[in-house]
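# Below are the sequence and a predicted model; questions follow.
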Amino acid sequence: MYLKFSYSLTKPLGMVPMTTGIYFDADHAHDRVTGRSITGMVVYVGRTPTTWSSRRQGSVENSTYGAEFIAGKNATEEAIGLRYVLMSLGVPLKGCTVLYGDNKSMIQSSSLPEGQIKKKH
């Protein structure tokens, strides 16, 4: 009886491939006593925010560029972990994880393989 009933149900169409994106930013020298910056990020799967974080960076950076670069590194590590978990759960992914930052010089120097990472501001 159970097999007859379950067979008559409609079959699922399958999972739609999901896009992933991470918005990140840094607040340079937020803590005036220690000089440490703050990294903030919001992780999206599809159009849904799934996780967010706001953490103090472990090192003291001399420039906004350095603080943004550390925030971008943290977002990249989060993207790698997110993709691993989603693929382990069998969720199909569409394309690469897009990282959204607001520091143009950090994005340009980290996007170009021949770019040197010796910027001050």
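Structure received.
# Grab the CA positions of whichever strand or helix holds Met41 and hand them over as CSV.
Using DSSP states H and E, Met41 maps to strand 38-45. This file holds the C-alpha atoms of strand 38-45, laid out as CSV (Å, rounded to 0.1, in the frame of the first residue of the first chain):
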residue,chain,number,x,y,z
ILE,A,38,37.4,45.3,12.4
THR,A,39,36.4,42.9,9.6
GLY,A,40,32.7,42.5,8.7
MET,A,41,31.2,40.1,6.2
VAL,A,42,27.8,38.9,5.1
VAL,A,43,27.5,35.5,3.2
TYR,A,44,24.7,35.0,0.7
VAL,A,45,23.5,31.7,-0.8
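# any idea which element the residue nearest the centre of the chain lies in?
Most central in the chain under CA atoms, centre = their mean is Ile22, positioned 3.5 Å from the mean C-alpha point. Here Ile22, judged by DSSP H and E, is contained in strand 20-27.
# Tell me who's in contact with Ala26.
Ser37, Ile38, Thr39, Gly40, Gln57, Thr64, Ala67, Glu68, Ile70, Ala71, Asn103 (CB atoms under 8 Å, 6 or more residues apart in numbering). All C-beta atoms are positioned from the backbone trio N, CA, C, and that covers glycine.
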